[in-house]
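> model the structure of this input:
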Amino acid sequence: MKKNRQRCLASCQCDQTAVEVTGAPIVSAVCYCENCRAAGHAFERSDGAPRTVGADGGTEYCLYRKDLVTVIRGSEYLQEHRLTPDSAVRRVLATCCNTPMFLDFTPGHWLSVYRSRLPAAAQPLQMRVNTSERPEGVRLPDDIPNFPDYSPGFMIRLLLSWAAMGFRRPKVVW
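Residues are numbered from 1 along each chain as shown. From the prediction side, this is the model:
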């Protein structure tokens, strides 16, 4: 018998662009790496763009299996950005309203949807990662686990989700 999987939409600010995600995320985390901060601050400089980086320097994501993500509207507005031309990470922006939508580690099997694009009840935060790279002077609460890099639990969740996909690495296209 097939499981009934929850579906929700990750939408841009003006609602012209939407991505449907199915099921629970692999993990919901805040990343403090320098790359996420640099890209987020660059996005925030665009006209009308929403805040991407939190006051503490973290960027919130929910990671989903790529085979459970579908662009359902506004694909013509999606535009990729890379910090360097040879970067394996592409961050995707909805140009209709300058909203960052997701991050795609292209060789990976998961897609990191900016948590602010999802309904508020989508998934509570489960951990903070790469906290060793947070801005100087930022003190983090202990309400969820804080890890200096990627935690073993984070990596195990990624591995188990990949195994559930038959070790495939689908591409996200629009």
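
> which of the residues in the longest helix along the chain are buried?
Counting by DSSP state H, the longest helix found in the chain is helix 152-164. For helix 152-164, the buried set under the neighbour-count rule, 16 or more other C-beta atoms under 10 Å, comprises Phe154, Arg157, Leu158, Ser161, Trp162. In this view, the C-beta of every residue, glycine as well, is placed from N, C-alpha and C.

> stretch 69-81 now?
Buried residues in stretch 69-81, defined by neighbour count with 16+ other C-beta under 10 Å: Val69, Val71, Gly74, Tyr77, Leu78.

> try stretch 36-53
By neighbour count with 16+ other C-beta under 10 Å, stretch 36-53 contains the buried residues Cys36, Arg37, Ala39, Gly40, Ala42, Phe43, Ala49, Pro50, Thr52, Val53.

> how about the buried residues of stretch 69-81, which pair is most distant?
Of all pairs drawn from the buried residues of stretch 69-81, the widest gap by C-beta to C-beta lies between Val69 and Tyr77 and measures 16.5 Å.

> thinking again about what came up before, closest one of the buried residues of stretch 36-53 to Arg82?
For these, the nearest to Arg82 is Ala39 (9.0 Å; C-beta to C-beta).

> need the buried residues of stretch 69-81 in a markdown table with pLDDT and secondary structure, can you?
Converted to a markdown table, those look like this (pLDDT from 0 to 100; DSSP: H, G, I helix; E, B strand; the rest coil):
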| residue | pLDDT | secondary structure |
| --- | --- | --- |
| Val69 | 96 | strand |
| Val71 | 97 | strand |
| Gly74 | 98 | coil |
| Tyr77 | 98 | helix |
| Leu78 | 98 | strand |
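
> what helices and strands are in contact with the longest helix of the chain?
strand 27-31, strand 59-65, strand 127-129 (3 or more C-beta pairs under 8 Å, 6 or more residues apart in numbering; DSSP states H and E).
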